[in-house]
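Participant: Sharing a model that was predicted from the sequence below.
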Amino acid sequence: MEINNGHTFQAEEGDRLSNLPDDILLDILARLNISTVAKTSALSTRWRHLPWQLTKLDLDVAEFLHAPVFNSITTVHMDQAMSALTKAATSLLSVPQRDTSIRNLGLKLYMMDSYSSNIGSVLSQAIEAGIVKELDLAVLHEKRHIDCNDDDMLHQARAVKVFAGVFPRVIHCITRLSLYNVRLDGDIHHIIFDCCTQLDYLSLEHCDDGSRAVWKINAPNSKLRHLELAVCFFGRLDLVCLPKFEYIYWEIWFTPYAPLSFRSVPSLRELRLSCPAQSDFQGFKLSKVLQGVPNLHTLTIDFQGEKLWMQPEQKQICPAFNNLKKLSILCIHVEFDLLWTIILLEAAPSVELLCIDTWEHVCLVNKEDEDGRKLVYGETTHPSWEISEFTGTRNWQLKELQFTGFRPLKQQLVFLKAIMEQARNLQTVILKEEEPCEDCEAIGTPLSCIKDYDFPKSKDEQDNVVEQLREKISSDSQIIFLCL
């Protein structure tokens, strides 16, 4: 891909768009992918100089892959895409051609020796010249995580280490880093937390430490605020010291016990945990995980339709919830009782927004594959939490309840009535219809006992639900139905 840096400002005849001032044209270009930007600038002399004035650039190798082969990437496809990406980066980051700095550069690439080396060299020069201020780097892998083996992860780690060793200036400029299929040994740990001195955001997908031991992060000088993990294999993630750390999201872990622990994370405000409990999961007490988290504001727990991976507890959880304002409990199996969630509300009277979401996906529990599912996740076990320890006298600050996937099932109505009766400050109850699932709809008739309970859409159906919810309780909260 060639990008010509001409400076002719004459608009083509009849091209009214090109008569717009540069700032508007730059705003348009900023919304396009880089291949479209290149084509646009090549076809019009009026637009030709503009790519070098963009202050935010996204260079993504995927944009140079042929769409039909994206899910089955070959070495040839990677080579062609990386060649095009290298040419684009060389042109757009060229020091002599740029008189405008890039506030943020997004770069997604494969670590292929010659191409990544060329890009690293051009990028180092641009950083040294002050052209690139912040770098969002994603090191991709050609294989899906389910197809990767140890050799693949070790090779990916070696490529990252070589790149970091040759281009330290690039590593120091990284503010956001995403790694895929990487073996996180000691050298990689050093690169991430010691060499990436400006690192604010870290995403790890299908990464491990090679031994499923405790992976510790002790980085008192780190600027890291945001951490996301997906399908990562650690015995436990131990966040020893991260003074500026604010947010963590972990989707799918494999340890049967608590996946993480916190020590000195005084700035942590939001925690999201999402995982279907596998058959060997022993569960853990949330109160123990949240020790050392004094200022948690937002908590999201997502069970992905399987049994709870939290062990029952009651008043032990109260200290960790002192400052909690938003609580989301998601993907609870639709047939489960919901009263157990009241324990969490009793422990966190400061919560102002409660979000509940129920789960029913026939497409993922097809009868023909039920035995295979049970081997992985075991039986779907209903929660068995006792709620008698709380007296119900704590002053809840709950103002809004959002219930997604509502159906007028007995357990849902009982739960809603209990909340409305207890939460004296409750102003709004929002009952939402579940988002449709194309795979479930393709199967046809639901395979569960809820097939006769649909979201109330007509006025009569909604009035009937409201009547049932208000029966024998005193509540001024507004009940709102949101249909799709």
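Facilitator: Received it, and whenever you're ready, just let me know what you need. Numbering: from 1, shown residues only.
Participant: So which residues of the stretch 351-484 of the chain form strands?
Facilitator: For the stretch 351-484 of the chain, the strands defined by DSSP state E, counting those that start in this stretch cover 353-359, 400-404, 428-432, 478-482.
Participant: what does the first one contact?
Facilitator: For strand 353-359, contacts defined as Cβ atoms under 8 Å, 6 or more residues apart in numbering pick out 303-305, 325-334, 338, 341, 345, 398-407, 412, 415, 419, 434. Every residue, glycine included, has its C-beta placed from N, CA and C.
Participant: circling back: turn the strands of the stretch 351-484 of the chain into JSON lines, including distance to residue 462, mean pLDDT and mean neighbour count.
Facilitator: What follows is these, written out as JSON lines (distance: least, Cβ to Cβ, whole Å; pLDDT from 0 to 100; neighbours: other Cβ atoms under 10 Å):
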{"stretch": "strand 353-359", "distance to residue 462": "18", "mean pLDDT": "95", "mean neighbour count": "20"}
{"stretch": "strand 400-404", "distance to residue 462": "14", "mean pLDDT": "98", "mean neighbour count": "20"}
{"stretch": "strand 428-432", "distance to residue 462": "9", "mean pLDDT": "98", "mean neighbour count": "19"}
{"stretch": "strand 478-482", "distance to residue 462": "5", "mean pLDDT": "97", "mean neighbour count": "14"}
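Participant: of all these, which lies closest to residue 461?
Facilitator: Distance to residue 461, taken as Cβ to Cβ, is lowest for strand 478-482 among these, at 8.9 Å.
Participant: tell me the angle of that closest one relative to strand 400-404?
Facilitator: Angle of strand 478-482 versus strand 400-404, following axes from the mean of the first three to the mean of the last three Cα atoms, to 10 degrees, is 30 degrees.
Participant: Okay, now the sheet partners of strand 478-482, with direction.
Facilitator: strand 428-432 (parallel) (DSSP bridges).
Participant: The closest residue to residue 319 other than its chain neighbours: how many residues sit nearby?
Facilitator: Excluding its sequence neighbours, the residue lying closest to residue 319 (Cβ to Cβ, 6 or more residues apart in numbering) is residue 287, at 7.5 Å. Each residue near residue 287 was counted by other Cβ atoms under 10 Å, and the total is 19.
Participant: ok but residue 204 is inside a helix, no?
Facilitator: No - using DSSP: H, G, I helix; E, B strand; the rest coil, the assignment for residue 204 is strand, not a helix.
Participant: Just give me the neighbour total for the closest residue to it other than its chain neighbours.
Facilitator: Leaving aside its chain neighbours, residue 204 sits nearest to residue 229 (5.1 Å; criterion: Cβ to Cβ, 6+ apart). Using other Cβ under 10 Å, residue 229 is surrounded by 21 other residues.
Participant: Can you pull the phi/psi pair for residue 229?
Facilitator: Main-chain torsions, residue 229, degrees, to the nearest 10: phi -130, psi 140.
Participant: How about residue 333?
Facilitator: The phi/psi pair for residue 333 (degrees, to the nearest 10) reads phi -50, psi 130.
Participant: For it, give me its contacts.
Facilitator: 303, 305, 306, 358, 359, 360, 380.
Participant: What of residue 299?
Facilitator: 270, 271, 272, 321, 324, 326, 327, 328.
Participant: is it true that it lies in a strand?
Facilitator: Yes - assessed with three-state DSSP, residue 299 lies in a strand.
Participant: just the helices in the stretch 301-450 of the chain please.
Facilitator: With DSSP state H, counting those that start in this stretch, the ranges of helices along the stretch 301-450 of the chain come out as 341-347, 370-377, 410-422, 438-443.
Participant: tell me the mean pLDDT for the last one?
Facilitator: Helix 438-443 comes out with an average pLDDT of 70.
Participant: just the third one next, same as before
Facilitator: For helix 410-422, mean pLDDT is 94.
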